[in-house]
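# return a 3D structure for these sequence lines:
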Amino acid sequence: MKATRANLLGEFTGKLDGLIYYRSRRTGKLYVRRQWSFKQPHPAHPQFRNAQRAIFALQPSQAYINNFRDYLGQYNLLRESENKPAHAWSNLYIRMMFALQKANPETVNLASITREQITEQNLPCRTLAQAIQAGLLPAVRGFERYSAEL
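Predicted coordinates:
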């Protein structure tokens, strides 16, 4: 839901009264949404949490992150991403890693993935260009330039 100013400071973002206020970097608009919480525990939640922690524990390099940020704009212009655009580089990073696990279920377990495993098995997530060539993310024009290592 879009928010209008109702006795709010112009640059207010954060949590207040069960709502989360944030400003879109792309449009500059202020948005408000309800703060959510899990209603019931689900058996997949711990597995997903462990996978997320392991993915970001790899600590991608700044050049790798910048490649994802450059790719983000082109990705959102693609017809196939029209209904599900990514809002941040981390969204694409997560999509790529889960696509990697789906493509190689016998060798890749995201909950226990390490940098050593990525280099030893020469997994396509080492660079964004390799991930695109492997089909983990859709191709965009000039994707070959995304060659920064994880």
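# CA only for contacts and neighbour counts going forward, please
Fine.
# now the helices for this protein?
With DSSP state H as the criterion, the chain has helices at 45-57, 62-77, 89-103, 115-120, 128-133.
# touching the third one from outside, list them.
If you take CA atoms under 8 Å, 6 or more residues apart in numbering as the criterion, helix 89-103 is touched by 52, 55, 65, 68-69, 72, 86, 108-110, 124-125, 131, 136-137.
# how much space between the residue positioned nearest the centre of the chain and Asn122?
For the chain, Asn91 is the residue whose C-alpha lies nearest the centre (CA atoms, centre = their mean; 1.6 Å). Computed as CA to CA, to the nearest Å, the Asn91 to Asn122 distance reads 23 Å.
# what are the buried residues along stretch 39-53?
Neighbour-count burial for stretch 39-53 flags 51-52 (criterion: 16 or more other CA atoms under 10 Å).
# just the endpoints, please. Distance across it?
For stretch 39-53, the first and last residues are 22 Å from each other (CA to CA).
# what does stretch 130-142 give?
This stretch, stretch 130-142, spans 13 Å end to end (CA to CA).
# for it, give the mean pLDDT please.
On average, the pLDDT along stretch 130-142 is 89.
# how about it: buried residues?
For stretch 130-142, by 16+ other CA under 10 Å, it's 130-132, 134, 136-137, 139.
# likewise for stretch 115-129?
Across stretch 115-129, burial judged by 16+ other CA under 10 Å covers 123-129.
# what does Val140 show for phi and psi?
Main-chain torsions, Val140, degrees, to the nearest 10: phi -130, psi 170.
# measure it to Pro85 for me?
Counting by CA to CA, the separation of Val140 from Pro85 is 14 Å.
# and the buried residues of stretch 130-142 as CSV, adding distance to Gln117?
CSV is the format used below for the buried residues of stretch 130-142 (distance: CA to CA, whole Å):
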residue, distance to Gln117
Gln130, 16
Ala131, 16
Ile132, 20
Ala134, 18
Leu136, 18
Leu137, 21
Ala139, 25
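# low pLDDT regions in the chain?
1-11 (pLDDT under 70).
# what domains does the record give for it?
Domain ranges of the chain: 1-36, 45-145, per automatic domain parsing.
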